[in-house]
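# Need coordinates for the following:
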Amino acid sequence: MKYAAAVLPSLAVASYLPILLGGLFTLGCGPDQNVGHDSAQAANYALASIVTNADEDTTYVSLVSSLDAVEIDFRNALEIAGRASVTAYGGWLFVGGGESPTITRYSITAEGGFEKGPTVSFAGQDLGEFGVYIDDWGNTFISPHKAYLSNSSASTIIWDPTTMEIVGRIEQPELARAAPLTFDGSPGIVRGKRLYRTFFWKDWDEYETLPEQYLAVFDVEKDKLLELVPEARCPGMNNNLSADEDGNIYFSNWIYNVTETLGRGAPKSCALRLNIETERFDDDFRFVFSDHAGGREGAALNYLGDGKGVFAAFHDEDIEIDANTDLNELALSDNWRLWEATLDGQAAAPLSGIDKLAGGYAIVHVDGRTFLMVPTAEYASTTVHEIDAGGGVQKRFEVPGDSYQILKLR
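Below you'll find the predicted structure:
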C-alpha cells in the first residue's frame, strides 16, 4: 500500500463506499467449490471486486494468467457473501470473511482453481464494528509465521499465516476511544525490525477528523509498540503507503478529508515523508495539494519514481457547497482528476489519458509495471490503466464493480 507500496481505501470507511450495479454480474460459485479461471495457463494474479446488487454486497475473486488482454468472467470466480477483503502471501490467497470475523486460506491449484484450506476465527478479539479486514489497511505480514491484524485501536492481534492460529496481541490502551469516535489510520509497512503506521480518529456523525494523530513505531521482533509520535501537520493520513528509491515512505490522506475542508473549513490536506534513517517525518517536506493543483484540494499521493508522484485533485469549479450538501456523497462524486507532480514542487499537471473519476483510485506496482485502478461513476466498474516507461497512460482492461488490488500469486 513495495517499490512503492500499494494498497487502498481505509478499513474504517470501507462500508461507506456505495457500488450500484443493478442486476449485472450475479453469477459465481460458492466459496467451498474448487473453481477458477477458464485457461489452462497458470493463475498468476488475483483480482477482487465488490459488487452491490439490490443493496447486498458480494465479493468476487477472479484468477488471471496475464495482465494483458484481461477479460473478467464471474462465472469462474470465488464468490463470498458480503464485503470481503483479500490478500496474497507465500503463494496463498487469504480471504477475510465478508459476514464473519474470520480469515480463510486458499491454495491455487495447478489447473488455476481455488482449494479451500484452514480458517482462523477472530471472534471475541475486539476488532471493532468493521470486523476482519485482511487487505493492507487491516493486516501486515511480518514473516511466514507472523502477521499483525490491526482493525482496532485498542489492540493489534498477532496471528500465524502458516498454522492459521492466533498467537498473541499487543495491547494499546492509550489509543482506545469511546463512541462515536471511529479508529482510523494508514496501512502498516515493515522496514527491518520496525513497522510504521499512523493512528487517528474520525467522528462520522459530525463528519470530522480529529486533529490528534500519531506515527506509531512497532518492534516486530519483540511485538511491542515502541513509540507514539504526535503529528498534526497533515490531517487524517490513511492513504496507501509508497516508498522512494531511498526507502523513504510517503503518507497522505484519503478522499474524505477533502470535502471536510471544502464544506467545514477543516485544515488543508497534504502529504509527509517519513525518513527511514531518523524514523521521523522530515521537517522540510510537506506537500500541500492545493499549492500544486491550482488551489484545488487533493488526496492520495503515491510515489511513481524519479522524484515524481501522482495524486487525486478535486475539481470543484462547477460545484456549489452549502449547509445541505452531503459531504460524504460529494467525496464519492466523479469530480476528481489525477495529477502528476514533481515532488520538489517545480511542476504539476493533470495526468493525460484519464478523465474525471469517482472518489479514490489505486496504484499497483507489479512485475516492473505500474497500473492505475480508476473507479467509474457510482463505482459501477473499475478501469485499469498502465503507465508506460515514457510516462504515457494506456487503458488495459475493465473490472466490474469496485476493485483496488492486483495480487501476485506466483
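
# tell me which residues form a beta bridge with residue 202?
In this entry, residue 202 is beta-bridged to residue 182, residue 209, by DSSP bridges.

# Find the nearest non-adjacent residue to residue 211, please.
Leaving aside its sequence neighbours, residue 211 sits nearest to residue 232 (C-beta to C-beta, 6 or more residues apart in numbering; 5.3 Å). Where C-beta positions appear, they are placed from N, C-alpha and C, glycine not excepted.

# For residue 75, see how far away that neighbour is.
Between residue 232 and residue 75 the computed distance is 50 Å (C-beta to C-beta, to the nearest Å).

# try residue 201
From residue 201 across to residue 75, the span is 42 Å (C-beta to C-beta).

# hmm, back to that, next, the residue nearest to residue 211: phi, psi?
Backbone geometry at residue 232, expressed as degrees, to the nearest 10, gives phi -120, psi 0.

# Can you identify each of the strands in the stretch 101-250 of the chain by residue range?
Ranges of strands in the stretch 101-250 of the chain, per DSSP state E, counting those that start in this stretch, are 102-108, 114-121, 139-143, 146-149, 155-160, 165-171, 181-184, 189-191, 194-203, 208-219, 224-230, 242-243, 249-252.

# Can you add mean pLDDT, distance to residue 362 and mean neighbour count and give those strands back as TSV?
As requested, the strands of the stretch 101-250 of the chain are exported to TSV (pLDDT from 0 to 100; distance: least, C-beta to C-beta, whole Å; neighbours: other C-beta atoms under 10 Å):
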stretch	mean pLDDT	distance to residue 362	mean neighbour count
strand 102-108	96	22	20
strand 114-121	96	23	16
strand 139-143	96	17	20
strand 146-149	97	21	22
strand 155-160	94	24	20
strand 165-171	96	28	14
strand 181-184	90	18	22
strand 189-191	96	16	18
strand 194-203	96	18	22
strand 208-219	97	21	19
strand 224-230	96	27	14
strand 242-243	96	11	24
strand 249-252	98	14	25
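
# which one of those strands lies closest to residue 364?
Nearest to residue 364, of all the strands of the stretch 101-250 of the chain, is strand 242-243, at 10.9 Å by C-beta to C-beta.

# What helices and strands are in contact with that closest one?
With contacts taken as 3 or more C-beta pairs under 8 Å, 6 or more residues apart in numbering; DSSP states H and E, strand 242-243 sits against strand 249-252, strand 298-305.

# can you give me how far it is from the chain middle?
13 Å (C-alpha atoms, centre = their mean, to the nearest Å).

# For residue 122, which residues are in contact?
Residues in contact with residue 122 (C-beta atoms under 8 Å, 6 or more residues apart in numbering) are 101, 102, 103, 132, 149, 157, 159, 166.

# Residue 270 versus that one, what's the distance?
With distances taken as C-beta to C-beta, residue 122 is found 35 Å from residue 270.

# Contact partners for residue 81?
57, 58, 59, 98, 99.

# So which of these wins on neighbours?
Neighbour counts for the contacts of residue 81, by other C-beta atoms under 10 Å, peak at residue 59, which reaches 26 neighbours.

# Tell me which helix or strand comes right after the longest helix anywhere in the chain.
Scanning the chain for the helix with the most residues, using DSSP state H, yields helix 256-264. Note on helix 256-264: by DSSP states H and E, the next helix or strand toward the C-terminus is strand 270-275.

# For that next one, C-alpha coordinates in PDB please.
Extracted as PDB, the C-alpha positions of strand 270-275 are listed here (Å, rounded to 0.1, in the frame of the first residue of the first chain):
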ATOM      1  CA  CYS A 270      -1.200  17.300   2.500                       C
ATOM      2  CA  ALA A 271       1.500  14.600   2.400                       C
ATOM      3  CA  LEU A 272       4.500  14.000   4.600                       C
ATOM      4  CA  ARG A 273       7.700  11.900   4.000                       C
ATOM      5  CA  LEU A 274       9.000   9.500   6.700                       C
ATOM      6  CA  ASN A 275      12.800   9.500   6.700                       C
END
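
# Now for the closest residue to residue 252 other than its chain neighbours, how many residues are close by?
Excluding its sequence neighbours, the residue lying closest to residue 252 (C-beta to C-beta, 6+ apart) is residue 271, at 3.7 Å. Residues near residue 271, counting by other C-beta under 10 Å, number 27.

# Check whether residue 271 really touches residue 251, as I assumed.
Yes: using C-beta atoms under 8 Å, residue 271 makes contact with residue 251 at a distance of 6.5 Å.

# joint contacts of the two?
When contacts are counted by C-beta under 8 Å, 6+ apart, residue 271 and residue 251 have 234, 237 as shared neighbours.

# residues contacting the residue nearest to residue 252?
Applying C-beta under 8 Å, 6+ apart to residue 271 gives the contacts 234, 237, 250, 251, 252, 253, 286, 287, 289, 301, 311.

# Check the gap between the first one and residue 201 for me.
Yep, that's residue 234 we're talking about. Per C-beta to C-beta, residue 234 is found 15 Å from residue 201.

# Please name the residues that touch the residue lying closest to residue 279 once chain neighbours are set aside.
Closest residue to residue 279 apart from its sequence neighbours, by C-beta to C-beta, 6+ apart: residue 217 at 6.1 Å. The neighbours of residue 217, taking C-beta under 8 Å, 6+ apart as the test, are 194, 195, 196, 225, 226, 227, 228, 229, 279.

# I'd like to know which of the residues you listed is nearest to residue 173.
Nearest to residue 173 among those is residue 225, at 10.5 Å by C-beta to C-beta.

# ok, what's across the strand from the closest one?
Taking DSSP bridges as the rule, residue 225 bridges to residue 218.

# hang on, the earlier thing: show me which of the contacts of residue 217 is closest to residue 110.
If you rank the contacts of residue 217 by distance to residue 110 using C-beta to C-beta, residue 195 comes first, at 34.7 Å.

# I'd say that closest one and residue 186 touch.
No: in this structure residue 195 lies outside contact range of residue 186 using C-beta under 8 Å: 11.1 Å.

# Local confidence estimate at the residue nearest to residue 211?
At residue 232, the model reports a pLDDT of 96.

# let's have the chain start at 31 instead
With the count now opening at 31, the last piece we talked about shows up as residue 262.

# quick one, what contacts it?
Contact analysis of residue 262 by C-beta under 8 Å, 6+ apart lists 241, 242, 243.

# any idea how far the second one lies from residue 385?
Taking C-beta to C-beta as the measure, residue 242 and residue 385 are separated by 37 Å.
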